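J.: Based on what follows, work out the 3D shape:
(2 chains)
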Amino acid sequence: MASYAARQRKSTTVMALCLLATMIGVVWLFLILFSLLWNGIPGLTFAVFTEMTPPPGEKGGGLLNAIYGSLIMTFMGVGIGAPIGILAGTYLAEYGRHSKLTPVIRFINDILLSAPSIIIGLFVYGAVVVPMRSFSAVAGSIALAVIVVPVVVRTTEDMLLLVPNTLREAASALGLPRSHMIRKVAYRAARAGLITGVLLAVARVGGETAPLLFTVLSNQFWSADLLRPMANLPVTINNFINNPDANWKQLAWTGALLITAAVLSLNITARILGASKDGQ
Amino acid sequence: MSAITESVSTAGRALLSDRARVLKSMAFGDKVFALLTLSAAYLVLLVLAGIIISLIIGAWPAITTFGLDFLTTSRWAPQLEPQPILGALAPIYGTLISSFIAMLIAVPFGLGIAIFLTELCPHSIRKPIRLAIELLAGIPSIIYGMWGFFVLGPFLANYVEPGIVAVFADIPVLNSVFGGEMLSNLSLFNASLILAIMILPFITAIAVDVFSTVPPVLKEAAYGIGCTTWEVVSNVVLPFTRVGVVGGVMLALGRALGETMAVTFIIGNSFKISSSIFAPGTTISAAIASEFAESEGLHQSGLILLGLLLFVLTFFVLAAARLMLMRLEKRAGA
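T.: Numbering: from 1, shown residues only, chains lettered A, B, ... in the order given. This is a model prediction of the structure:
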């Protein structure tokens, strides 16, 4: 057996490598954030929020229609997906706790949670865009909703399972019907967790691009018609990157900065909310 | 006297019927709510079924036209007249190779970070570091793609890759794997590196979780007989959590296989299989993302078939990952 000093040396070496790996990991985050800020801030003018996306080769312009479209579709996607997710999570954690169906649904849900988002785009293309014969904001919202559901199912189930059974029993002993017990007691006890789940879902779909590419397409102009293609930030960025136009490139960086800032602050908010729950 | 009794009993009856009505409506609401949750749960299953069915329907023309040749043909000529020739070999190759390289980079890094966080890190900075790593997971993939396209790609092509090419230039086999006369910003290797950065947080998060399931007594016993930190990690922590770590790695692999936007910008979208990892290539998801919007007919069907293949592939990888993690959970619970 190697001498103690040699073993100690080996251990120190490996641990130094682990420290190095951690430093590289953290530095990487800052590198990405730094280049976003460096390239994005110069383009962050008032016009970004008040003007439409410019045609190629033209100066000026902003991202108003894209920001509007992203907000609408994220809102609709979460509006459709979150209630379904909360209800399904409620079934898993409350009614179906001992049902044979529950492990199956949980398993499928976990797979959907990490399924490639471009597949969701293909699915919605086949299921919504083709029958409706038009790319539309509705199709994009449905694609986002399909991504929201598994995220919310997972967090809802986890959070409801954390609610102590004694609370449920106390409510039932008072004669509350089960649905009242769930809504008035279990939901209330798990409220912070449920909100965290929905926020995380918003953060997840806020920057999703792949499922929007061929469900809403994009739109260079202002459109509030939900049955037509609608401008949105991720796809606009996607289109602007692939173009040599300097103005478009600048807008792409600024849009990327906006998305990242929004998504990361949602993430942090959700975490703070979740952590304050743990502390209680 | 009798009138008073009469009115009291009427009020009592009214109260009783009110109570019955409320109870009845509550029971009804109860049933409706239970049914709602059950149907939402079934909807999750329906989504999966819907995905599979709609992909098969969309891919059917391509399946009947190309059959198994689709998997072995490396030519991708969607514009060919009278009928396009479509083969999935190049995107499948690109998907597997880029994910493989990404795992090769991300797994040691991810485990290293997890070991640092669980064994070495002072408590006060553990949380900020975990947060930083987890925020990496929160950044949308298009941002990674953009960053790789504008920042990382040019940096690698100008400063890093020429050096690697020069080092391996005289070694047979390796000089073709790491070869390239014309280094471009777009290559399989660049895409793999971006993928590695993207999946790093997943591996780290799961590894930290499973490492913390190791009972402290086991580690303390190992330290007690004089083991060094690395010996504790390699002889106690890793064997104890092996299944969970493999599960987490496969979960990350599932992500890497299907990642789209980060890859599409920097892989070059070339359907040529090249021996060099510094040459452009394509993946299944990149091919779909870059061609689907302008495709029609058989070409579109071929792309959907590619999507079906990707879904089947990731389904099995993710299912295996979940089963492994479930096994660990069961043991931790027992």
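
J.: Could you use CA atoms for every contact and neighbour count after this?
T.: Noted.

J.: quick one, longest helix in chain B?
T.: For chain B, the longest helix by residue count, based on DSSP state H, is helix B:2-66.

J.: can you tell me if that helix touches chain A.
T.: Yes. Counting by Cα under 8 Å from any Cα of the partner chain, contacts between helix B:2-66 and chain A involve B:26-27, B:29-30, B:33-34, B:36-42, B:44-45, B:47-48, B:50-51, B:54-55, B:58.

J.: What residues of stretch A:55-71 count as buried?
T.: Judged by neighbour count (16 or more other Cα atoms under 10 Å in any protein chain shown), stretch A:55-71 contains these buried residues: A:60, A:61, A:62, A:63, A:64, A:65, A:66, A:67, A:68, A:69, A:70.

J.: what's the answer for stretch B:276-294, then?
T.: Taking 16+ other Cα under 10 Å as the basis for neighbour counts, the residues of stretch B:276-294 that come out buried are B:276-290, B:292.

J.: For residue A:234, which three-state class applies?
T.: Under the three-state scheme (DSSP: H, G, I helix; E, B strand; the rest coil), residue A:234 adopts helix.

J.: What distance do you get for the residue nearest to it when sequence neighbours are not counted to residue A:113?
T.: Leaving aside its sequence neighbours, residue A:234 sits nearest to residue A:209 (Cα to Cα, 6 or more residues apart in numbering or on different chains; 5.2 Å). Residue A:209 sits 16 Å away from residue A:113, taking Cα to Cα, to the nearest Å as the criterion.

J.: One more: residue B:70?
T.: Applying Cα to Cα, the value for residue B:70 to residue A:113 is 29 Å.

J.: same check, this time on residue A:7
T.: In terms of Cα to Cα, residue A:7 sits 43 Å off from residue A:113.

J.: Among those two, which residue is more densely surrounded?
T.: When residue A:7 and residue A:113 are compared on other Cα atoms under 10 Å in any protein chain shown, the one with more neighbours turns out to be residue A:113, at 20 against 17.

J.: Using the three-state scheme, assign the closest residue to that one other than its chain neighbours.
T.: With sequence-adjacent residues excluded and distances taken as Cα to Cα, 6+ apart, residue A:113 is closest to residue A:150, at 5.2 Å. Residue A:150 falls in the helix class when you classify it by three-state DSSP.

J.: ok, the residue nearest the centre of chain B - contacts?
T.: For chain B, the residue whose C-alpha lies nearest the mean C-alpha position (Cα atoms, centre = their mean) is residue B:255; its distance is 1.6 Å. Residue B:255 makes contact with A:114, A:115, A:116, B:199, B:314 under the criterion Cα atoms under 8 Å, 6 or more residues apart in numbering or on different chains.

J.: what number of residues lie near residue B:210?
T.: Residue neighbour count, defined by other Cα under 10 Å, stands at 24 for residue B:210.

J.: My error: substitute residue B:66 in the last question.
T.: For residue B:66, the neighbour count with other Cα under 10 Å is 15.

J.: and the gap between it and residue B:55?
T.: Between residue B:66 and residue B:55 the computed distance is 16 Å (Cα to Cα).

J.: show me where chain A has helices.
T.: If you assign secondary structure with DSSP H, the helices in chain A sit at A:4-40, A:47-50, A:64-90, A:101-114, A:117-124, A:130-132, A:137-162, A:165-173, A:178-180, A:187-189, A:191-206, A:210-213, A:233-241, A:246-279.

J.: Could you export these as a markdown table, including mean pLDDT?
T.: Listed next are the helices of chain A as a markdown table, based on pLDDT from 0 to 100:
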| stretch | mean pLDDT |
| --- | --- |
| helix A:4-40 | 90 |
| helix A:47-50 | 86 |
| helix A:64-90 | 94 |
| helix A:101-114 | 92 |
| helix A:117-124 | 93 |
| helix A:130-132 | 89 |
| helix A:137-162 | 94 |
| helix A:165-173 | 92 |
| helix A:178-180 | 89 |
| helix A:187-189 | 92 |
| helix A:191-206 | 91 |
| helix A:210-213 | 89 |
| helix A:233-241 | 89 |
| helix A:246-279 | 85 |
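
J.: Now distance to residue B:75 too, for these, in CSV please.
T.: As requested, those are exported to CSV (distance: least, Cα to Cα, whole Å):
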stretch, distance to residue B:75
helix A:4-40, 37
helix A:47-50, 44
helix A:64-90, 38
helix A:101-114, 30
helix A:117-124, 23
helix A:130-132, 28
helix A:137-162, 32
helix A:165-173, 60
helix A:178-180, 59
helix A:187-189, 56
helix A:191-206, 35
helix A:210-213, 25
helix A:233-241, 27
helix A:246-279, 34
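
J.: Quick check: residues of the stretch 151-300 of chain B near chain A?
T.: That would be B:228-231, B:251, B:254-255, B:258-261, B:285, B:289, B:292-293, which are the residues of the stretch 151-300 of chain B within reach of chain A (Cα under 8 Å from any Cα).

J.: can you rerun that using 7 Å?
T.: With the criterion set to Cα under 7 Å from any Cα of the partner chain, the stretch 151-300 of chain B comes near chain A through B:228, B:229, B:230, B:255, B:258, B:259, B:260, B:261, B:285, B:289, B:293.

J.: what sits against residue B:267?
T.: Residue B:267 sits next to B:186, B:187, B:188, B:190, B:191, B:280, B:281, B:282 when contact means Cα atoms under 7 Å, 6 or more residues apart in numbering or on different chains.

J.: sec struct for the first one, please.
T.: The reference is to residue B:186. Taking three-state DSSP as the rule, one finds residue B:186 in the coil state.

J.: Pretty sure it sits against residue B:280.
T.: Yes. Contact criterion Cα atoms under 7 Å: residue B:186 and residue B:280 qualify, at 5.7 Å.

J.: who touches both of those two?
T.: With Cα under 7 Å, 6+ apart as the test, residue B:186 and residue B:280 both reach B:267, B:268.
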